[in-house]
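Participant: pasting the structure only:
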């Protein structure tokens, strides 16, 4: 039998018992809509979390911390990050850059009548932390001394606006620094970015040491190691651990979140799947009825030359129509339902996060259709086989 | 070598087992039907004549003996091949017409061609031509519930002939018709026969059997008289 004839004939069969086909299709639609809604909800939540994480920082970064994870995972043992560590890390494959950081033991800024608690971070020019988030001025540059890049909230304490703060001087305890840049305080409201040599000097004077001395005894506060690509982060994390340091990378956090959301989605899909299972039982029931009702017709078709395969294909195609129509309807229902719920939530709480609550990507849309079709074919399989195996002669005698 | 017989049965047996008892519907039937013959198989009910017809049609398998239709040994065919046998080698006409009420007459007639993969336009064209040949042109686009018994059976014959079968099989074709329509139908069978169509007709009625060129009488699953 030609595929076109097959599809046309089974569409006729589908359309003949309109009410029954319609109700069965509605069952599939509801199940599909539920799966779509629940997974879209989970996807929306995941997107939101991931977006927040990406706004925190770069996935290519591995932060090296000056301690070693304890044997039992609870206690950490301090470890000194020295220039030797930096040199070794620079030699690790896929490392694009290693940026040292030294947090100066300076606390307060006194300017414009307000006190603000700040955390001066001594960093190297071009450090990942000091990139692309300026509101005014410039980032730190090589050769800078006694300058700072400060957060917008503090700049506004110093001057009427962030632009006017450039060129002003602020004093951190005894050290006066000139403001050369203002960064968006979303990154941090309390850190000052200062040249690492200034920070080392301040740290050394505080302890009565030389900058070289403090490099060897106290060591750096941390290192920012940048990978050439985020897929190589795991290798670098391993290298850091082998050197005996604890590390942190957003990439690993994202992976854990992905895993968590995978489980979450699986559970939600399972709940929606129960609805589809109920729909599948409905399809199977409809198909059994359809086969029984058309017993005589099956007999006639077989008598005039329909092969067992033709008969099976006819009934499977009929089930497939239920799946396809139910899937399309369910997808539309899920999309519309998501929109409506989204709107209702925003009406009730106008301060809701502006990001979409339900996210339906092309993979979810196609997956939902494929799922509905697959469920329908599975449900139609046994009734179709029953029709296929029916004896033509006894089917012809069936009243 | 002569062309094969239209039907050749040797020692054909068909047993039905119901519970502990075994009933022999066919108890060793041997017969041959030449191409172009019009043969009536006659016998009382339970004589096995319908079983014989169903086996020739490929609707039932024998439990013993061999059956060849148009040279093909049906025992060697699997279910798929048997379906092709039904759509290409034989055409079947039933007492109960067995048209599908939801299709138009022309679609019913074209149905066997759908299963052998003929494109829609071509099979509808061939179905109309066949209906023309049987004087059913005016009824082509009606549904089966709008037709009289005689017209239904003509449509059924058109459907049986659409695949150009080697043999036309008819099981009590006039059983549901009044005598006038029955007579017209038998005239049609005779006409088809004169056009060269091999016809095998099963009936319990000697009057009907007399229209055939040859009558095979059956009783208790055996051929008793030729």
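Facilitator: Nice, thanks for sending it over. Quantities reported herein were computed from a predicted structural model and do not represent experimental measurements.
Participant: for the nearest residue to residue A:183 once chain neighbours are set aside, give me its contacts.
Facilitator: Nearest residue to residue A:183 in three dimensions, chain neighbours excluded: residue A:133, at 4.7 Å (CB to CB, 6 or more residues apart in numbering or on different chains). Where you see a C-beta, it was placed from the backbone N, CA and C, and this is true even at glycine. Neighbour list for residue A:133: A:183, A:184, A:186, A:187 [criterion: CB atoms under 8 Å, 6 or more residues apart in numbering or on different chains].
Participant: what residues does chain B put near chain A?
Facilitator: B:54, B:57, B:59-60, B:79-80, B:83-84, B:86-88, B:92, B:94, B:98-100, B:102, B:111-112, B:114-117, B:119-120, B:159, B:163 (CB under 8 Å from any CB of the partner chain).
Participant: now a PyMOL select for only the buried ones of those residues.
Facilitator: In PyMOL, this line selects whichever of those come out buried by 16 or more other CB atoms under 10 Å in any protein chain shown:
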select buried, chain B and resi 54+57+59+60+83+86+87+88+92+94+98+99+100+111+112+114+115+116+159+163
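Participant: next step: the residues of chain B next to chain A restricted to strands.
Facilitator: Of the residues of chain B next to chain A, the ones assigned to strands by DSSP state E are residue B:92.
Participant: which one of the contacts of residue A:133 is nearest chain B?
Facilitator: Compare each of these with chain B using CB to the nearest CB and the shortest gap goes to residue A:186, at 66.3 Å.
Participant: residue A:88 contacts residue A:245, doesn't it?
Facilitator: No: Residue A:88 sits out of contact with residue A:245 when judged by CB atoms under 8 Å, with a separation of 10.4 Å.
Participant: where does pLDDT dip in the chain?
Facilitator: Reading this off chain A. Within chain A, the stretches with pLDDT under 70 are A:56, A:70-74, A:107-116.
Participant: right idea, wrong chain: chain B
Facilitator: Residues of chain B that meet the criterion pLDDT under 70 lie in B:1-2.
Participant: would you map the strands across it?
Facilitator: Using DSSP E, strands in chain B cover B:7-18, B:21-33, B:38-42, B:64-69, B:72-73, B:90-93, B:167-171, B:198-203, B:214-219, B:222-225.
Participant: hang on, isn't residue A:288 packed against residue A:386?
Facilitator: Yes: between residue A:288 and residue A:386 a contact is recorded at 7.5 Å, counting by CB under 8 Å.
Participant: show me what contacts residue A:105?
Facilitator: Each residue near residue A:105 by CB under 8 Å, 6+ apart is listed here: A:202, A:203, A:206.
Participant: assumed it was part of a helix.
Facilitator: No: assigned with DSSP: H, G, I helix; E, B strand; the rest coil, residue A:105 falls outside any helix and is coil.
Participant: quick check: residue A:95 touching residue A:223?
Facilitator: No: the pair residue A:95 / residue A:223 is not scored as a contact, 10.5 Å apart, by CB under 8 Å.
Participant: which residues are in contact with both of these two?
Facilitator: Common neighbours of residue A:95 and residue A:223, using CB under 8 Å, 6+ apart, are residue A:89.
Participant: more neighbours: which of the two?
Facilitator: residue A:223 (22 against 18; other CB atoms under 10 Å in any protein chain shown).
Participant: show me the contacts for that one.
Facilitator: A:63, A:64, A:81, A:85, A:86, A:89, A:98, A:99, A:100, A:101.
Participant: distance of it from residue B:40?
Facilitator: Per CB to CB, to the nearest Å, residue A:223 is found 103 Å from residue B:40.
Participant: related to what we said a few turns ago, which of the strands of chain B is buried the deepest?
Facilitator: Ranked by mean neighbour count under mean count of other CB atoms under 10 Å in any protein chain shown, the strands of chain B are led by strand B:90-93, which reaches a mean of 27.
Participant: off-centre distance for that strand?
Facilitator: Chain-centre distance of strand B:90-93: 4 Å, with CA atoms, centre = their mean, to the nearest Å.
Participant: quick one: contacts for the residue in chain B positioned nearest to chain A?
Facilitator: Proximity of chain B to chain A (CB to the nearest CB) peaks at residue B:87, 2.3 Å away. Residues in contact with residue B:87 (CB under 8 Å, 6+ apart) are A:304, A:305, A:306, B:112, B:115, B:116, B:163.
Participant: before we move on, the earlier item: out of the contacts of residue A:133, flag the one nearest to residue A:68.
Facilitator: In terms of CB to CB, no member of those lies closer to residue A:68 than residue A:187, at 28.1 Å.
Participant: and the furthest pair within the contacts of residue B:87?
Facilitator: Greatest spatial distance in those: A:306 and B:163, 12.6 Å, computed using CB to CB.
Participant: grab the most central residue of chain B for me.
Facilitator: residue B:169 (1.6 Å; CA atoms, centre = their mean).
Participant: contact residues of the stretch 1-150 of chain A facing chain B?
Facilitator: A:1, A:2, A:4, A:5, A:9, A:12, A:16.
Participant: if we go to 10 Å?
Facilitator: Residues of the stretch 1-150 of chain A that fall close to chain B, judged by CB under 10 Å from any CB of the partner chain: A:1, A:2, A:4, A:5, A:6, A:8, A:9, A:12, A:13, A:16.
Participant: mind checking if the top helix by length along chain A is in reach of chain B?
Facilitator: Counting residues, the longest helix found in chain A (DSSP state H) is helix A:250-293. No: using CB under 10 Å from any CB, helix A:250-293 never reaches chain B; the gap is at least 11.9 Å.
Participant: after that helix, which helix or strand is next?
Facilitator: Sequence order places helix A:295-303 as the next helix or strand after helix A:250-293, per DSSP states H and E.
Participant: what packs against that next one?
Facilitator: When contacts are defined as 3 or more CB pairs under 10 Å, 6 or more residues apart in numbering or on different chains; DSSP states H and E, helix A:295-303 sits against helix A:250-293, helix A:308-348, helix A:362-389, helix A:392-397, helix B:79-88, strand B:90-93, helix B:105-115.
Participant: so how far is the last one from its chain's centroid?
Facilitator: Helix B:105-115 sits 16 Å away from the centroid of its parent chain (CA atoms, centre = their mean).
Participant: for the fourth one, same thing?
Facilitator: Using CA atoms, centre = their mean, the distance from the centre of helix A:392-397 to the centre of the chain it belongs to is 59 Å.
Participant: and residue A:10, how many residues sit next to it?
Facilitator: Neighbour count for residue A:10, taken as other CB under 10 Å: 19.
Participant: repeat that for residue A:286.
Facilitator: Neighbours around residue A:286, by other CB under 10 Å: 24.
Participant: residue A:313 too?
Facilitator: By the criterion of other CB under 10 Å, residue A:313 has 21 neighbours.
Participant: is it correct that it is in contact with residue A:377?
Facilitator: No: counting by CB atoms under 10 Å, residue A:313 does not reach residue A:377; the two are 11.2 Å apart.
Participant: give the contact list for the residue of the stretch 101-250 of chain A found nearest chain B.
Facilitator: Residue of the stretch 101-250 of chain A nearest chain B, by CB to the nearest CB: residue A:231 (52.2 Å). Contact analysis of residue A:231 by CB atoms under 10 Å, 6 or more residues apart in numbering or on different chains lists A:59, A:60, A:94, A:251.
Participant: possible to save the residues you listed as JSON lines with secondary structure?
Facilitator: Formatted as JSON lines, the contacts of residue A:231 follow (three-state DSSP):
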{"residue": "A:59", "secondary structure": "coil"}
{"residue": "A:60", "secondary structure": "coil"}
{"residue": "A:94", "secondary structure": "coil"}
{"residue": "A:251", "secondary structure": "helix"}
